[in-house]
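Chemist: Provide a 3D model corresponding to the input given below.
(4 chains)
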Number of protein chains: 2
Amino acid sequence: MSKQELEVVDQTGGCCPGLTSAPLDAEQAVDLAKVFKALGDPVRLRLLSMIASRDGGEVCVCEMTPAFELSQPTISHHLKLLRQAGLIDCERRGTWVYYWALPAALDRLASVLRAPLSAGATT
Amino acid sequence: MSKQELEVVDQTGGCCPGLTSAPLDAEQAVDLAKVFKALGDPVRLRLLSMIASRDGGEVCVCEMTPAFELSQPTISHHLKLLRQAGLIDCERRGTWVYYWALPAALDRLASVLRAPLSAGATT
DNA sequence: GCCATGGATCGAAGAACGTCAAGATAGAAG
DNA sequence: CTTCTATCTTGACGTTCTTCGATCCATGGC
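Modeler: Okay, the predicted model is just below:
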């Protein structure tokens, strides 16, 4: 896996500490909450899952919309929220728009949630 | 029959396939979204962090309330939501109420978010 | 140029959420 | 039993979210 050009580990200002290592400060909490809020809707979770489970490829909007019993503007709206949360990105290619996942964002969240391996009673 | 035989909690098995391994079905998405929604508020994230970063011990409400510029009922409300999401639990002990984290819930979420280590992560 | 198609944006209706003040409940101390 | 402290619950208010229909923008084909 290729690394980004950022060698520092705390680039996002909330990436590293983790929920379980120390109390989150207010600013980190606001930042993280935005991303978790984006995941706090079943439609967005399914959209993200559809996209992220195709790590190699993109998913066309025209493929996602009919998978839900929702209007096209609603799907578009949810995709926008996922994009604003930094979880996915998209590109127009001809007539169609393709979305792909940004795995680093998911990894960051997982790291925040995952208790340190040595957590618990260390003594 | 309340619970089906789906008691396997193996993170790679039937319970938590993970966002990135296959598209989430609607029911799983609704279930997961409830937990992520509980994390989608900065106050709740900080509360959970305060509690979870003391894995060995509990945190008294009397210790959490003054950490926020919010009324005590509001804190109580957020703690209730975290408890309903299965992220924390509590017990009254004398005059005070103590909360502690349920690390298995956090682990489950992390597993859902984390791309499968051996499969698909080809970036 | 014109039209058809895929997607995004706008504005509005209804539901859900975060917050507080006021009241209720549980235990401790006198 | 009464009172006090710590916490939870209730009811209400304003804000935010989800969803939709209608409309607009971008691209490709004629």
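
Chemist: for the most centrally placed residue in chain A, which residues are in contact?
Modeler: With distances taken as Cα atoms, centre = their mean, the residue of chain A nearest its centroid is residue A:87 (3.1 Å). Residue A:87 makes contact with A:35, A:38-39, A:48, A:101-102, A:105-106, according to Cβ atoms under 8 Å, 6 or more residues apart in numbering or on different chains. Placement of C-beta: from N, CA and C, glycine included.

Chemist: again with residue A:29
Modeler: Neighbouring residues of residue A:29 by Cβ under 8 Å, 6+ apart: B:42-43, B:45-46, B:49.

Chemist: out of those residues, which touch chain A?
Modeler: Residues of those in contact with chain A (Cβ under 8 Å from any Cβ of the partner chain): B:42-43, B:45-46, B:49.

Chemist: still on that earlier bit, and the contacts of residue A:29, which is closest to residue A:71?
Modeler: Comparing the contacts of residue A:29 against residue A:71 with Cβ to Cβ places residue B:42 closest, at 30.9 Å.

Chemist: number of residues surrounding residue A:92?
Modeler: Residue A:92 sits with 9 neighbouring residues when counted by other Cβ atoms under 10 Å in any protein chain shown.

Chemist: now swap in the one 5 residues further on and tell me
Modeler: Close neighbours of residue A:97, defined as other Cβ under 10 Å, add up to 16.

Chemist: and the helix or strand hosting it, does that touch DNA strand C?
Modeler: Applying DSSP states H and E as the criterion places residue A:97 in strand A:96-101. Yes - interface with DNA strand C: strand A:96-101 contributes A:96-97 (Cβ under 7 Å from any atom of the strand).

Chemist: check stretch A:51-71 too.
Modeler: Yes - using Cβ under 7 Å from any atom of the strand, stretch A:51-71 reaches DNA strand C at A:60-62, A:65.

Chemist: which other residues reach that stretch?
Modeler: Contact partners of stretch A:51-71, identified using Cβ under 8 Å, 6+ apart, comprise A:43, A:46-47, A:50, A:72, A:74-76, A:79, A:88, A:91, A:96-101, A:103, A:106, B:19-23, B:115, B:120-123.

Chemist: report the distance from it to the chain centre.
Modeler: In terms of Cα atoms, centre = their mean, to the nearest Å, the gap separating the centre of stretch A:51-71 from the centre of its chain is 15 Å.

Chemist: do that stretch and DNA strand D meet?
Modeler: Yes - contact of stretch A:51-71 with DNA strand D (Cβ under 7 Å from any atom of the strand) involves A:69-71.

Chemist: any idea how far apart the tips of that stretch sit?
Modeler: Using Cα to Cα, to the nearest Å, the end-to-end distance of stretch A:51-71 comes to 19 Å.

Chemist: average pLDDT for that stretch?
Modeler: For stretch A:51-71, mean pLDDT rounds to 92.

Chemist: buried ones in it?
Modeler: Residues of stretch A:51-71 classed as buried under the neighbour-count rule (16 or more other Cβ atoms under 10 Å in any protein chain shown) are A:51-55, A:58-59, A:61, A:64-65, A:68.

Chemist: what do you get for stretch A:77-91?
Modeler: Using 16+ other Cβ under 10 Å as the test for burial, stretch A:77-91 gives A:78-79, A:81-82, A:85, A:87-88, A:90.

Chemist: want to throw those into a markdown table with distance to residue B:30?
Modeler: Formatted as a markdown table, the buried residues of stretch A:77-91 follow (distance: Cβ to Cβ, whole Å):
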| residue | distance to residue B:30 |
| --- | --- |
| A:78 | 15 |
| A:79 | 19 |
| A:81 | 17 |
| A:82 | 17 |
| A:85 | 19 |
| A:87 | 19 |
| A:88 | 21 |
| A:90 | 25 |
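
Chemist: by mean pLDDT, flag the weakest helix or strand of chain A.
Modeler: Within chain A, no helix or strand scores below helix A:103-113, which has a mean of 94 by mean pLDDT, DSSP states H and E.
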